[in-house]
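Asks: Model the following, please.
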Amino acid sequence: MPSRCLVVDDNERFLFVAERLLGAGDVLDVEGATDIASAIEVFDRFKPDVVLIDVSLGLESGFGLARQLIERAPGFANRIIIISTRSGEDYEGLIEDASVAGFISKSDLSVDAVQRLVAGLG
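Replies: You can find the predicted model right below:
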């Protein structure tokens, strides 16, 4: 099961909440990033087991970041989860094309949801 989690979201308030939610009880060690450049820096330094990426990172694309991380670490695709306030159905084709582990709505975000996706129990 994952122990280190990187959350990438341009909304700092959501990052604060996600870091507290996922890090509660010391289940996950969580770090955050707000854009692609900082996400890549944290990814290289922190070596996360799983990365949660918001669909929209301001003017940048969360799917673009997912592609960059997969290029940097082949085989990591099944450790990337796309998140959004919108429904996963809105991004179904993009999620499939990105070959990531899956999607979690921000309202459904939990350690259990992350662990289930990474374990392939979606």
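
Asks: quick one, phi psi at the most centrally placed residue in the chain?
Replies: The chain has Leu52 as the residue nearest its centroid, 0.7 Å off, counting by Cα atoms, centre = their mean. Per-residue torsions, Leu52: phi -100, psi 130 (degrees, to the nearest 10).

Asks: Equivalent analysis for Ser99, please.
Replies: Taking degrees, to the nearest 10 as the convention, Ser99 sits at phi 60, psi 40.

Asks: Report the contact partners of it.
Replies: Ser99 makes contact with 70, 77 under the criterion Cβ atoms under 8 Å, 6 or more residues apart in numbering. The C-beta positions use only the backbone N, C-alpha and C, and glycine is treated the same way.

Asks: before we move on, what about Asp29?
Replies: So Asp29 contacts 3-5, 23 (Cβ under 8 Å, 6+ apart).

Asks: Strands - which of those residues land there?
Replies: 4-5 (DSSP state E).

Asks: For the worst-scoring helix or strand of the chain on mean pLDDT, buried residues please.
Replies: Lowest mean confidence among the helices and strands of the chain (mean pLDDT, DSSP states H and E): helix 92-98, at a mean of 85. Judged by neighbour count (16 or more other Cβ atoms under 10 Å), helix 92-98 contains these buried residues: 94-95, 98.

Asks: rewinding a little: out of the contacts of Asp29, which are buried?
Replies: 5, 23.

Asks: Any chance of a markdown table for the contacts of Asp29, columns pLDDT?
Replies: Below are the contacts of Asp29 laid out as a markdown table (pLDDT from 0 to 100):
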| residue | pLDDT |
| --- | --- |
| Ser3 | 88 |
| Arg4 | 93 |
| Cys5 | 95 |
| Gly23 | 89 |
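
Asks: just the contacts of Asp29 now: which is nearest Gly75?
Replies: Taking Cβ to Cβ as the measure, Arg4 is the one of the contacts of Asp29 closest to Gly75, at 16.5 Å.

Asks: partners of that closest one in the sheet?
Replies: For Arg4, the beta-bridge partners are Asp29 (DSSP bridges).

Asks: Hmm, the residue nearest to the centre of the chain is touching Arg4, no?
Replies: No: taking Cβ atoms under 8 Å as the definition, Leu52 is not a contact partner of Arg4, at 11.9 Å.
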